[in-house]
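In: Take a look and give me a structure for this.
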Amino acid sequence: MAKQTYDLLVIGAGAAGSTAASTAAQRGACVALVERDKIGGTCLNYGCDPTKTLIYIAKQLYHTQRSAPFGLRCSGETADWPAVLAWVRQAIDRIRGGTSPEAAEKLGKQGITVFNDEAAFLSPHELAVGGTTLTAERIIIATGGKELIPPVEGLNETGFITNIQAVALETLPRRMAIVGGGAIGMEFAQMFHRFGVEVTVIERAPMLLDKEDREMADTLCDLLRKEGLRLEANAELRRARRDTRGKCLTILCGDREEEELIVDEILMAAGRRPALDALHLAEAGVKTGKKGIEVDATLQTSAPHIWAAGDVTGGLQFTHVAYEQGKLAAQNAFSQRPRPFEGLVIPWVTFTDPPLAHVGKTEEQLKQEGVAYRTGRMYFKDVERAITEGETDGLVKLLVDGSGTILGGHILGANAGDVLAPIILAMQTHAPVGTLAATIMPYPTLSEGVRWAADKLK
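Out: Below you'll find the predicted structure:
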């Protein structure tokens, strides 16, 4: 095998890995970046970016079909699915900066050598990549995650898809079952439903969107059911088989009798796990736990010259977290004083319509922890901008302690991810709720909902 040596070797070219490689290269390091698939990783190619593009297009279709209350006379609007996918592909290439090979070429101009192959450790400092052995003083593992497929009788024989295939289906199925009622499952469910697919969501846990504040999640689920989605919590997919009618699923929903559900496609969205199988981490002395690679506060693994960032660590699986961790891992790899990852104020959004945005604690978490709190709500039906646009579903909800410290912020409503920004900033800077209440927001905007919710708590 040919052998090449680098200052830093990064495994994985998703959000964490690409950021780590660029950060190190900007410091003048000689960097190699290994990616077995496409530059950009799961989020860019099969996750966040294509799904949000599809969700946006589905939203335009849905609201155009229901524009009569605004005095618009539109009828018979349908989606040209191949044209929709063409738009998605060009959007992804634009975000990436070209096709995957073109993006790799641009990374090369930054001084980053890109290898498009699988990587496996041969020793603590050596990896086999194709027919080449790469050695490095420092290594960052950022291989991301992969689909978690629960064992179900007959599922493999019946056939299913994951998010990878779901964002590029050649044709739309007429009926779809989605296994998993978390953010990924719910986003896909509404999107496909708006493109005309009959959707059933099957969630094994007692609650859908179980990481969200219950009041907010339940309100969102009520809206989705009114839209026509079938949502089943405390439900189990027991068996699957195929016959002339389609894919036949035996499901058990709560205390009801088993029922047969006939669909044309099954989308598995039951969770993700770190993608570590091919790395041979034992050869490098890197310890793993139930959630993924074990790291300390500075993202260093049990091997002192190896760091890990992003989904492989088993923490919050968000692109914005992976980006920050990748940047920090690269900085710490070359620092005499490594810094810890500050992950106390991490926002996220479930990009349904309306979206559900979240930062900090939920009411359920505060109750479980025995923390005293007060609640401030502002409903969008009372916010002028929401009224003008007919986007009056949902609310802003703030949770604060006795001193006015913001413990959590939750928004269900149009553009909730953007409207959440002042709450994130307030929590990051430890500004009390009174500061939010005293902050003048432009009229008429949805951000006024944040101010008026805070005003009820000052």
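
In: Give the full set of residues in contact with Gly360.
Out: Going by C-beta atoms under 8 Å, 6 or more residues apart in numbering, Gly360 touches 345, 399, 406-409, 427. From N, CA and C alone the C-beta is placed, and that goes for glycine too.

In: Name whatever forms a beta bridge with it.
Out: When bridges are called by DSSP bridges, Gly360 pairs up with Gly408.

In: Could you pull out the strands in the stretch 101-250 of the chain for me?
Out: 112-115, 119-123, 126-129, 132-141, 145-147, 175-179, 198-202, 230-232, 235-243, 246-253 (DSSP state E, counting those that start in this stretch).

In: who does the fourth one pair up with?
Out: Using DSSP bridges, the neighbouring strands of strand 132-141 in the sheet come out as strand 2-11 (parallel), strand 126-129 (antiparallel), strand 306-308 (parallel).

In: so which of the ones you listed is the most packed in?
Out: strand 306-308 (a mean of 29; mean count of other C-beta atoms under 10 Å).

In: which other helices and strands contact whichever helix or strand comes after it?
Out: Moving toward the C-terminus from strand 306-308, the first helix or strand encountered (DSSP states H and E) is helix 319-333. Counting contacts by 3 or more C-beta pairs under 8 Å, 6 or more residues apart in numbering; DSSP states H and E, helix 319-333 is packed against strand 2-11, helix 15-26, strand 132-141, strand 306-308.

In: Kindly export the lengthiest helix in the chain (C-alpha atoms) in CSV.
Out: The single longest helix within the chain, with elements called by DSSP state H, is helix 48-65. Extracted as CSV, the C-alpha positions of helix 48-65 are listed here (Å, rounded to 0.1, in the frame of the first residue of the first chain):
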residue,chain,number,x,y,z
CYS,A,48,-32.2,18.5,6.3
ASP,A,49,-31.7,20.3,3.0
PRO,A,50,-33.7,18.1,0.6
THR,A,51,-36.5,17.5,3.1
LYS,A,52,-36.9,21.2,3.9
THR,A,53,-36.9,22.0,0.2
LEU,A,54,-39.7,19.4,-0.3
ILE,A,55,-41.6,20.6,2.7
TYR,A,56,-41.5,24.2,1.4
ILE,A,57,-42.8,23.1,-2.0
ALA,A,58,-45.5,21.1,-0.4
LYS,A,59,-46.5,24.1,1.7
GLN,A,60,-46.8,26.3,-1.5
LEU,A,61,-49.0,23.6,-3.1
TYR,A,62,-51.2,23.2,0.0
HIS,A,63,-51.8,26.9,0.6
THR,A,64,-52.4,27.6,-3.1
GLN,A,65,-55.1,25.0,-3.1
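
In: Taking helix 15-26 as reference, get the angle to the helix or strand following that helix.
Out: Using DSSP H and E, the helix or strand that follows helix 48-65 towards the C-terminus is helix 81-96. Interaxial angle, helix 81-96 versus helix 15-26 (axes from the mean of the first three to the mean of the last three C-alpha atoms, to 10 degrees): 30 degrees.

In: Grab the CA positions of helix 81-96 and hand them over as CSV.
Out: C-alpha atoms of helix 81-96 as CSV (Å, rounded to 0.1, in the frame of the first residue of the first chain):
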residue,chain,number,x,y,z
TRP,A,81,-43.2,15.4,-9.2
PRO,A,82,-40.2,15.1,-11.6
ALA,A,83,-39.9,18.9,-11.8
VAL,A,84,-40.1,19.0,-8.0
LEU,A,85,-37.2,16.6,-7.7
ALA,A,86,-35.2,18.6,-10.3
TRP,A,87,-35.6,21.7,-8.1
VAL,A,88,-34.5,19.8,-5.1
ARG,A,89,-31.4,18.6,-6.9
GLN,A,90,-30.3,22.0,-8.1
ALA,A,91,-30.9,23.5,-4.6
ILE,A,92,-28.6,20.8,-3.1
ASP,A,93,-25.9,21.4,-5.6
ARG,A,94,-26.1,25.2,-5.0
ILE,A,95,-25.8,24.7,-1.2
ARG,A,96,-22.9,22.3,-1.7
